[in-house]
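[1] The following comprises the amino acid sequence and a computationally predicted model.
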Amino acid sequence: MNYLKKLSIVLAIAFSFQNCENEERNVEVNEPQGITSPTNLEGESANYTVSQFGQNSYWASWIVDVNTTNRLKSYHNNSANLFALGNVPIYFAAGPGTYNALSYGPPNNYIVWGQELLQAAKNYGNAAIAYVAAHEMGHQVQFRNYGIPSSNNVSALELEADGFSGYALYKTYSTNWNSVASAYSFAQAIAGASGSSHGSAPQRRSAFRLGWWMAQTYGTFTPAQLDQYFFYYYNQYVLGGLLKQEVAKPKGITPELDNFILSKIDELTKINNGEISEEEFSNLESK
C-alpha cells in the first residue's frame, strides 16, 4: 500500500488501554447525514464503519453529556478555523469499544470521536479535550496539503500532529503553560514506545512543547510553514541529527524566529532525552 493511500485510510490516536465501563445506551442514535447505514460509512467498505470502535458501538448525536460534547465541538471548530480548514464534520460513536478518535481523509475529510475517549480526556480536564481535538485536526491539515508531513521518520505523522496541537492550544486555548498541564499529561498517558507510530512519551512532550514555542513567534503560520519549521528544528536540533538528515533552513525563517527557537533547544533536547521529569515539565515557563 503506497504512502498516500495509507494516509487517506485512517490516521488516529491509537490506544491500548482497557475500555471504560459500559454505559447504558441512553443517547439518541444519529447517523451522519446522508449515510443510510453505519456499516457503509464511506460507501465502500465495512473497514470504514463505526464497528472500528467495537461491535456494539453506535452513532450518537452526543457523547458523555451534551455540555461536554458542545465543548468538544467548540475546540474542534477553533482548531479548524486556526488552520483555515473551513467546516470539518465531526461525528460521535457511543457504547463499548470507543476509546479512540479517528481522522478520515479524502474525499469526505471528517473526524469521529468515541465516547470512551472523550470521557477519559474529560477526566484529565478541558485542555486534554482541546489537545486531542487539535491533534486530530492536525491530521486533517496533513490530508489536505500535499507533501505534509515533509519528514519521513516512523513517527512523523503523529509527532507533527502533537506539534500542531501545542501550537493550536497556545493560539486558541490558553497562553498559560500550567493551564494546559492536563493536555500533556494525557498525551504522555497515550504515548507508545520509542519508535512507535505515536512516539514515546518524551518525544510527544518535546513535539508538543516545540509547537507551543512556535506559536509565540510572530503572526500565524501557513500549514506548509508549520510543517517545514517544525521538522527543521525537531529533526536537526531536538533529535540532535539522529536521523542523519541534513535539512536546509527554510527560507521563511527570520533571524528573530531562529534566535527564539534556538534559545529553547537545550530545554527541548532535555525533554526529548527524558532529562526533565514529569513534575519539572509541568512547571516549565509559559514564555
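    Noted; the coordinates are in hand. From a predicted model like this one, the values you see are computed outputs, not experimental measurements. Numbers count the residues shown, from 1 in each chain.

[2] Quick one: mean pLDDT for stretch 204-218?
    On average, the pLDDT along stretch 204-218 is 91.

[3] now stretch 180-199
    For stretch 180-199, mean pLDDT is 68.

[4] what's the answer for stretch 71-87, then?
    96.

[5] what residues does it touch?
    For stretch 71-87, contacts defined as CB atoms under 8 Å, 6 or more residues apart in numbering pick out 88, 90, 111, 113, 118, 126, 129-130, 133-134, 137-138, 140-141, 144, 164, 168, 171-173, 220, 223. Any C-beta I mention is one placed from the backbone N, CA and C, and that applies to glycine too.

[6] 7 Å - rerun?
    Stretch 71-87 is contacted from outside by 88, 90, 113, 118, 126, 129-130, 133-134, 137, 140-141, 144, 168, 171-172, 223, using CB atoms under 7 Å, 6 or more residues apart in numbering.

[7] Next: stretch 160-174.
    By CB under 7 Å, 6+ apart, stretch 160-174 touches 78-79, 82, 127, 130-131, 134-135, 138-139, 141, 149, 180, 183, 187, 204, 207-212, 214-216, 226-227, 230.

[8] the bottom helix or strand of this protein by mean pLDDT?
    Least confident helix or strand of the chain, by mean pLDDT, DSSP states H and E, is helix 3-9 with a mean of 36.

[9] Check which helix or strand the most centrally placed residue in the chain maps to.
    When CA atoms, centre = their mean is applied to the chain, the residue found nearest the centroid is His135 (1.4 Å). Under the criterion of DSSP states H and E, His135 resides in helix 126-144.

[10] and that helix, average pLDDT?
    Confidence for helix 126-144, expressed as mean pLDDT, is 95.

[11] list the buried ones in whatever helix or strand comes next after it?
    Downstream of helix 126-144, the next assigned helix or strand under DSSP H and E is helix 156-172. For helix 156-172, the neighbour count (16 or more other CB atoms under 10 Å) marks 156-172 as buried.

[12] wait, what's in contact with the closest residue to Pro89 other than its chain neighbours?
    Closest residue in space to Pro89, ignoring its immediate chain neighbours: Tyr110 at 4.0 Å, by CB to CB, 6 or more residues apart in numbering. Contacts for Tyr110 (CB under 7 Å, 6+ apart) come out as 88-91, 104.

[13] now swap in Gly138 and tell me
    Counted by CB under 7 Å, 6+ apart, Gly138 has contacts 160-161, 164-165.

[14] Repeat that for Phe260.
    By CB under 7 Å, 6+ apart, the residues touching Phe260 are Thr217.

[15] Just the element for it, please.
    Phe260 belongs to helix 255-262, assigned by DSSP H and E.

[16] I'd guess Gly211 is in a strand, am I close?
    No. Read with DSSP: H, G, I helix; E, B strand; the rest coil, Gly211 is helix and lies in no strand.

[17] From Asn108, how far out is it?
    Gly211 sits 27 Å away from Asn108, going by CB to CB, to the nearest Å.

[18] before we move on, the earlier item: neighbouring contacts of the following helix or strand past the helix holding Phe260?
    Per DSSP H and E, the first helix or strand lying C-terminal to helix 255-262 is helix 265-272. Contact partners of helix 265-272, identified using CB under 7 Å, 6+ apart, comprise 202-203, 205-206, 209-210, 237-240, 276, 281.

[19] tell me which residues of helix 265-272 are tucked away?
    Under 16+ other CB under 10 Å, the buried positions of helix 265-272 are 265, 267-272.

[20] Next: stretch 84-103.
    The neighbour-count check on stretch 84-103 (16+ other CB under 10 Å) flags 85, 88, 90-103 as buried.

[21] That one: end-to-end distance?
    End-to-end span of stretch 84-103 (CA to CA, to the nearest Å): 17 Å.

[22] so what's Tyr234 up against?
    Contacts for Tyr234 (CB under 7 Å, 6+ apart) come out as 207, 210.

[23] neighbours around Gly252, how many?
    Gly252 is flanked by 12 other residues according to other CB atoms under 10 Å.

[24] Find the nearest non-adjacent residue to it, please.
    Gln225 (5.6 Å).
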